[in-house]
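Asks: predicted structure and sequence below. I'll ask about it afterward.
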Amino acid sequence: MPDVAFINGTFVPLAEAKVSIEDRGFQFGDGVYEVIRTYRGRPFALEGHLARLHRSATALDLALPYSNAEWTDYVREGIKRASYPEAKIYIQVTRGVAPRDHAYSAETTPTVVMTVREFHPLDRSLQAAGVEAMTIEDIRWGRCDIKSVNLLANVLARQQVRQAQVFEAILIKEGLVTEGAVSNVMVVQRGTVVTAPEGPRILSGVTRATVLNLARSEGLPVQERFVSQADLYHADEVFLTGTTVEVLAVVRIDGKIIGGGRPGPIVQRLAACFTSRVSSPLALA
Ligand code: PLP
C-alpha cells in the first residue's frame, strides 16, 4: 500500500513528489498546515480542520486555492488511493514559488501539498496507564493560534521530550500553562475541567473543542482560563487532547506524581465519550 502525495491538483507517489527550492515554505516557513486522521477509513472532524486551515491562511493573507467541497474530494481520493486501514493526512499550503524576498506578492500562486500515510494509533496500554510529561518554557511567537509550518520551538521541545524519554512537553509562558508541543492541555480542579482560553497563545485544537463539548454535555463544569505551573502539579487530573493523542491522561510531570498517579475518573469518562464520538458515523466525513 503506497504513501500518497498530492501536489497542486495531481496525485503522485510520495517518492516522486517535489517542490521548488524557491518555494516560500522552504525559504521562510511561509505557510500553514493541518493534520487529520481517519477512523475506519473516514476523516474525523474534517470540517473543523478545514475551518482552521481557512483561519490560519486568512491570518497570513494567503488565499486557499480550493473550496471546502474540493478539499473534501481530494482528501477522500487520497485516502482511497493509499488504502491504509487508518491514515493520517497532512495538508500544507505555502505562499508558493517566488524569487527570495521577505515581502510577498499577491500574484504568487500557493503551493498545495498533501500526504496520506499510514496512521498507527497509540498503544492502548498508554491510555490505560497514562503518560509522563515535562514542562518547558514556551518560547514560541505571538500567534500560536495560526497553524503555521514554522515549528522550530515545537521541534526543540519535542527533541527535549525524546531525550528525557517522556511523552510530551507542557509549555509554560510567564508561569502559566499554555498547551503541549503537539497537543492541548486540560486539568481537573475539584471536578471542573480547566484549559487555556482560545487566543494567540494556543492553537485552538479541533480535539479540544470536541472534548469541551463532550464535557459540557456530560454536565461537567468547564472553565477556559490559564492555570499556573504550580496549579498544574496540584491538579486532581491532567490530560492531553489532540488528533494523534485523542484524550490521554498525564500521571507524572517533571517527576511529580499527578492525582493518584493513575488516570482519574474524569479523564477516563471523557476518553470513553471521545471513543464513542469517533465511533459515530456522523462525526466522520
Ligand atoms: N496544540 C499544538 C501545538 C498542536 O500541534 C496540536 C496538534 O497538532 C494541538 C494543539 C491539537 O490540535 P488538534 O486537536 O486539532 O489536533
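Replies: Right, received. Where do you want to start? Numbers count the residues shown, from 1 in each chain.
Asks: just the strands in the stretch 51-200 of the chain please.
Replies: Assigned by DSSP state E, counting those that start in this stretch, the stretch 51-200 of the chain shows strands spanning 87-94, 111-118, 131-137, 168-173, 176-180, 184-189, 192-195.
Asks: from the ligand, how far off is L214?
Replies: 13 Å (Cβ to the nearest ligand atom, to the nearest Å). Where C-beta positions appear, they are placed from N, C-alpha and C, glycine not excepted.
Asks: what's the answer for E179, then?
Replies: From E179 across to the ligand, the span is 5 Å (Cβ to the nearest ligand atom).
Asks: now E22
Replies: Separation of E22 from the ligand (Cβ to the nearest ligand atom): 27 Å.
Asks: name the nearest residue to that residue, sequence neighbours excluded.
Replies: Distances taken as Cβ to Cβ, 6 or more residues apart in numbering place V97 nearest to E22, at 4.8 Å, with adjacent residues excluded.
Asks: so who does L176 touch?
Replies: 196, 226-229 (Cβ atoms under 8 Å, 6 or more residues apart in numbering).
Asks: show me what it bridges to in the sheet.
Replies: In this entry, L176 is beta-bridged to K173, S228, by DSSP bridges.
Asks: what is the burial count for the residue nearest to P85 when sequence neighbours are not counted?
Replies: With sequence-adjacent residues excluded and distances taken as Cβ to Cβ, 6+ apart, P85 is closest to G41, at 7.2 Å. For G41, the count of nearby residues is 15 (other Cβ atoms under 10 Å).
Asks: again with I172
Replies: By other Cβ under 10 Å, the residues close to I172 number 16.
Asks: could you do F239 as well?
Replies: F239 is flanked by 31 other residues according to other Cβ under 10 Å.
Asks: for it, what are phi and psi?
Replies: Per-residue torsions, F239: phi -150, psi 160 (degrees, to the nearest 10).
Asks: wait, it sits on V247?
Replies: Yes - applying Cβ atoms under 8 Å, one finds F239 in contact with V247, separated by 6.1 Å.
Asks: tell me the pLDDT of A283.
Replies: As predicted, A283 sits at a pLDDT of 75.
Asks: could you find the closest non-adjacent residue to it?
Replies: Spatially, and ignoring its direct neighbours in sequence, A283 is nearest to R277 (5.6 Å; Cβ to Cβ, 6+ apart).
Asks: give the helix, strand or coil label for the one you found.
Replies: With DSSP: H, G, I helix; E, B strand; the rest coil as the basis, R277 sits in helix.
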